[in-house]
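> Here is my input; please provide its structure:
(4 chains)
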Number of protein chains: 2
Amino acid sequence: MATNIHDVAKAAGVSVATVSKVLNGYTTVNANTKERVLQIVKELQFYPNSAARSLVGRRSMTIGIFLTTGLAHPFFTQILSGMEQALKSLGYDLIYLAQMSRAKEYSFVHHCHSRNVEGVVVFGFQQEEMSFDELIESGIPTLFIDLDIKKGRAGYISSDNHEAVERAIRYLIDLNHHRISFLSGNKDSYANRQRLEGYRSGLAEAEIPYREDYVSEGDFTREMGYQAMNKLLALAEPPTAVVCCSDMSAVGAMEAIQDAGLSVPEDISLIGFDDIEIASNIRPALTTTRQDMITIGRRSIELLDELIKDKELPPPEVIIPTELIIRKSTGPAKG
Amino acid sequence: MATNIHDVAKAAGVSVATVSKVLNGYTTVNANTKERVLQIVKELQFYPNSAARSLVGRRSMTIGIFLTTGLAHPFFTQILSGMEQALKSLGYDLIYLAQMSRAKEYSFVHHCHSRNVEGVVVFGFQQEEMSFDELIESGIPTLFIDLDIKKGRAGYISSDNHEAVERAIRYLIDLNHHRISFLSGNKDSYANRQRLEGYRSGLAEAEIPYREDYVSEGDFTREMGYQAMNKLLALAEPPTAVVCCSDMSAVGAMEAIQDAGLSVPEDISLIGFDDIEIASNIRPALTTTRQDMITIGRRSIELLDELIKDKELPPPEVIIPTELIIRKSTGPAKG
DNA sequence: TGGGTATAGTTAATCGTTCAGATAACCCTC
DNA sequence: GAGGGTTATCTGAACGATTAACTATACCCA
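Numbering: from 1, shown residues only, chains lettered A, B, ... in the order given. Model (predicted):
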């Protein structure tokens, strides 16, 4: 078995309490004793058992992660890498609670309790049937990514979706476009709602009237992008520029445009969202909004840590700026 | 606080031992009592505290994951989704031990012990300075993905890299290619060694001599693919077909070919490896070997579970078949 | 009636920590 | 040298489960 605190205590000739105090930064320990204990700890490679530690009510240093979309989301690794930086410097481990759906009678929240999770990060877009009430009411500090929930000890972080689309529209208007479509993602998702608002206010700023038929309903997938674009192309007066809710849907839209014998950006300008790898790799390379998911990941853990440490802290609401990456899929409006 | 076993015992009018027995499937409990306890458990939404449970030496139901390459690897989410299926059905949670590099004096292995991790999955390619000796000697059941380590209680799972490249070569030879290059990845990685062998045996099968100058050294990146391809193009007698160690390096190679004013597949046929998203999205779409990372992920957990449950089990060594996806980047040899 | 044998349930030790409260050791002052 | 005040260290009771060892009861049979 691994060495425990008793082994250390024996080797150092002190009681376990003293070892514990040294390890937990209490000042009521003699400098020499402290020195000696630390020496033994290093020699014996002692690492306190976290189960025992969290059992007595000490911190578990565990953060749970919950994904509404499953693991296959393209941003997941980026978010995770951002999280990793903060996890390391703050000393948390990240636990993926997989049992969740196994037994319906046990909720995710109970699973969190049973694992003594100190806080939870939730990532993904809102799905109809999904409710986070139980989680929020349980009082477990929670940080949502891309979901605008702010209540109790739950706050959120997100890209500045509103500004991103507004900026894209502004850019297209500078290129002399007037007929600009918005290819929408999942309607009830927070990100999409914000983007739609950005679209409206971008148009309003330039005094271009909002047209219902220029806004497609859909989701963030490529297939939907293809279908939605076909509908726009079938309009009597099709748009000359389209802002898409994701790079994947922009790829779908691009295929639809090319299949219709038109070209990007000569006939139609296209702007994506996300700046995933494919954006720079398709031809023409996609003009898109880059989301800083690394920062979002890192900050989500930092904010959660603050929420964990301060029970009274009002829930955070943090918006991270985005960047418009101009590539080859946008150009001046014809005529 | 969350309900504990005492609350359940009190409500059911039995001792905690009886509750525990019901929950752990002991048969020495009367059917009625069992029924009543389970009823209360459900009512009170009792979920046993895993810290307490693992402290008494019971199973922690925790599997650790370690990545040699950092979190940003393109396959990571696929592996993870595969893992998820098995984790759910076997009841494990997955913990990402982030502290690891924070304090050098504490190793990953100690961190595993302190978290009472039952087994570890290691993913990534071998890096020079990296040693897994401590992990293997610690006796923690370990499953390596893409690293051929088999010793003690550590086994591995990997794609059939050898067969994959051999098959690719065979396919190119059927297309009448004779001058076939291998654009190599990180030299000491297991996957790459196997692929190189597959390359040699594929050529040998067709009695084509192995040429040193047709094998580039490199890594799995796009940049390296670009550079390596340029070197091949500079040869007096450049290859007519190139098998690449990854899709990213194939993308780099394709750029090099196109920048040289040549085209794929008319002048040079190109085969990738991995079948990541970009493979089907670049033009021409990339012929490539698809790795079944979902299955690898799922099996890695299943195998690890067997290793955990049976102390005497010889370490597994599992090879998962791949698939050649024929797209547009390969064609018949000229002339 | 007595004794053997299942069966059902209880008691209490245990895991490795933390920490409140007890104790010890020391110094200082009157 | 008694009393008081620090400072350093120790003792032992938690925390929430599991489980070996035990007890109580019921049942059966000679």
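> The stretch 201-335 of chain A: helices as residue ranges?
All helices of the stretch 201-335 of chain A, identified by DSSP state H, counting those that start in this stretch, fall at A:222-233, A:247-259, A:277-281, A:293-309.
> Take the ones you listed and write them to TSV, including distance to residue A:23, mean neighbour count and mean pLDDT.
From N, CA and C alone the C-beta is placed, and that goes for glycine too. TSV is the format used below for the helices of the stretch 201-335 of chain A (distance: least, Cβ to Cβ, whole Å; neighbours: other Cβ atoms under 10 Å in any protein chain shown; pLDDT from 0 to 100):
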stretch	distance to residue A:23	mean neighbour count	mean pLDDT
helix A:222-233	53	21	95
helix A:247-259	48	23	95
helix A:277-281	44	20	85
helix A:293-309	19	22	97
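> Pipe those into CSV and attach distance to DNA strand C per row.
CSV is the format used below for these (distance: least, Cβ to the nearest atom of the strand, whole Å):
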stretch, distance to DNA strand C
helix A:222-233, 51
helix A:247-259, 47
helix A:277-281, 44
helix A:293-309, 14
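> For residue B:194, find the nearest of those.
Closest to residue B:194 of these is helix A:277-281 (Cβ to Cβ; 26.2 Å).
> that older thread, output the helices of the stretch 201-335 of chain A as CSV; include the columns distance to residue A:168.
Converted to CSV, the helices of the stretch 201-335 of chain A look like this (distance: least, Cβ to Cβ, whole Å):
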stretch, distance to residue A:168
helix A:222-233, 16
helix A:247-259, 11
helix A:277-281, 14
helix A:293-309, 18
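> between those helices, which gets nearest to residue A:92?
helix A:293-309 (7.0 Å).
> If we ignore the residues flanking it in sequence, what's nearest residue A:37?
residue A:22 (4.4 Å; Cβ to Cβ, 6 or more residues apart in numbering or on different chains).
> Which is the succeeding secondary structure element to the strand or helix carrying that neighbour?
Using DSSP states H and E, residue A:22 falls within helix A:16-23. Downstream of helix A:16-23, the first helix or strand assigned by DSSP H and E is helix A:31-43.
> Now do that next one against helix A:16-23, angle only.
90 degrees (axes from the mean of the first three to the mean of the last three Cα atoms, to 10 degrees).
> Kindly provide the distance from the closest residue to residue A:328 other than its chain neighbours to DNA strand D.
Leaving out its chain neighbours, the residue that sits closest to residue A:328 by Cβ to Cβ, 6+ apart is residue A:284, at 3.6 Å. To DNA strand D, residue A:284 is 59 Å away according to Cβ to the nearest atom of the strand, to the nearest Å.
> Mind pulling up the pLDDT for residue A:284?
Residue A:284 carries a pLDDT value of 93.
> give me the number of residues near it?
Neighbourhood size, residue A:284 [other Cβ atoms under 10 Å in any protein chain shown]: 16.
> contacting residues around it?
Applying Cβ atoms under 8 Å, 6 or more residues apart in numbering or on different chains, one finds that residue A:284 lies in contact with A:264-265, A:327-329.
> could you redo the last one with a cut-off of 6 Å?
A:264, A:328-329 (Cβ atoms under 6 Å, 6 or more residues apart in numbering or on different chains).
> Adding distance to chain B, write the helices of the stretch 201-335 of chain A out as TSV.
Output for these, formatted as TSV (distance: least, Cβ to the nearest Cβ, whole Å):
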stretch	distance to chain B
helix A:222-233	9
helix A:247-259	7
helix A:277-281	5
helix A:293-309	9
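> Quickly list what the most centrally placed residue in chain A is bridged to.
Nearest to the geometric centre of chain A sits residue A:145, at 4.0 Å (Cα atoms, centre = their mean). Counting by DSSP bridges, residue A:145 forms beta bridges with residue A:123, residue A:157.
> Residue A:120 is in contact with that one, correct?
No - counting by Cβ atoms under 6 Å, residue A:145 does not reach residue A:120; the two are 11.2 Å apart.
> Just want the residue of the stretch 101-250 of chain A that's nearest DNA strand C.
residue A:116 (12.0 Å; Cβ to the nearest atom of the strand).
> ok but that residue is inside a helix, no?
No - counting by DSSP: H, G, I helix; E, B strand; the rest coil, residue A:116 is located in no helix; its state is coil.
> What separation is there between the closest residue to it other than its chain neighbours and DNA strand D?
In this structure, residue A:116 finds its nearest non-sequential neighbour in residue A:60, 4.0 Å apart by Cβ to Cβ, 6+ apart. With distances taken as Cβ to the nearest atom of the strand, residue A:60 is found 12 Å from DNA strand D.
> does residue A:60 count as helix, strand or coil?
coil.
> ok, it touching residue A:52?
No - applying Cβ under 6 Å as the test, residue A:60 and residue A:52 come out as separate, 11.0 Å apart.
> how about the residues of chain A near chain B?
A:2, A:42, A:45, A:47, A:49-52, A:54-55, A:71-72, A:76-77, A:80-81, A:84, A:87-88, A:91, A:93-99, A:102, A:105-106, A:110, A:113-116, A:278, A:281-282 (Cβ under 6 Å from any Cβ of the partner chain).
> how distant is the least confident helix or strand in chain A by mean pLDDT from the center of its chain?
For chain A, the helix or strand with the lowest mean confidence is helix A:277-281, at a mean of 85 (criterion: mean pLDDT, DSSP states H and E). Relative to the chain's own centre, helix A:277-281 is displaced by 20 Å; criterion: Cα atoms, centre = their mean, to the nearest Å.
> Show me what it packs onto, helices and strands only.
Here helix A:277-281 touches no other helix or strand, going by 3 or more Cβ pairs under 6 Å, 6 or more residues apart in numbering or on different chains; DSSP states H and E.
> hmm, back to that, just checking, the residue nearest to residue A:37 touches residue A:36?
No - Residue A:22 lies out of contact with residue A:36 (Cβ under 6 Å); the separation is 9.1 Å.
> Neighbour count for the two, which is higher?
Between residue A:22 and residue A:36, residue A:22 has the larger neighbour count (other Cβ under 10 Å), namely 22 against 17.
> quick one on the thing from earlier: more neighbours: which of residue A:60 and residue A:52?
residue A:60 (20 against 17).
> so what's the more buried one up against?
Applying Cβ under 6 Å, 6+ apart, we find residue A:60 in contact with A:54, A:116, A:118.
> Am I right that the first one falls within a helix?
Yes - the secondary structure assignment for residue A:54 places it in a helix, going by three-state DSSP.
> Not counting sequence-adjacent ones, nearest residue to it?
Residue A:54 sits nearest to residue A:60 (Cβ to Cβ, 6+ apart), 3.7 Å away.
> Which pLDDT value belongs to that neighbour?
Per the predicted model, pLDDT is 93 at residue A:60.
> and the gap between it and residue A:298?
In this view, residue A:60 and residue A:298 are 21 Å apart by Cβ to Cβ, to the nearest Å.
> just residue A:325 next, same as before
Taking Cβ to Cβ, one finds residue A:325 at 21 Å from residue A:298.
> so how far is DNA strand C from residue A:87?
20 Å.
> Please identify the buried residues of the host helix or strand of that residue?
Using DSSP H and E, residue A:87 falls within helix A:76-90. For helix A:76-90, the neighbour count (16 or more other Cβ atoms under 10 Å in any protein chain shown) marks A:76-88, A:90 as buried.
> quick check: angle from it to helix B:76-90?
Calculated by the same axes, to 10 degrees, helix A:76-90 forms an angle of 80 degrees with helix B:76-90.
> now for helix A:76-90, which elements pack on it?
helix A:293-309, helix B:76-90.
> Contact residues of chain A facing DNA strand D?
Residues of chain A lying close to DNA strand D by Cβ under 7 Å from any atom of the strand are A:13-18, A:21, A:28-33, A:52, A:55-57.
> give me that answer again for 6 Å
Counting by Cβ under 6 Å from any atom of the strand, the residues of chain A close to DNA strand D are A:14-18, A:28-30, A:33, A:55-57.
> Mind giving me the PyMOL command for buried ones among those?
Remark: buried members of these, expressed as a PyMOL selection using 16+ other Cβ under 10 Å:
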select buried, chain A and resi 14+18+29+33+55
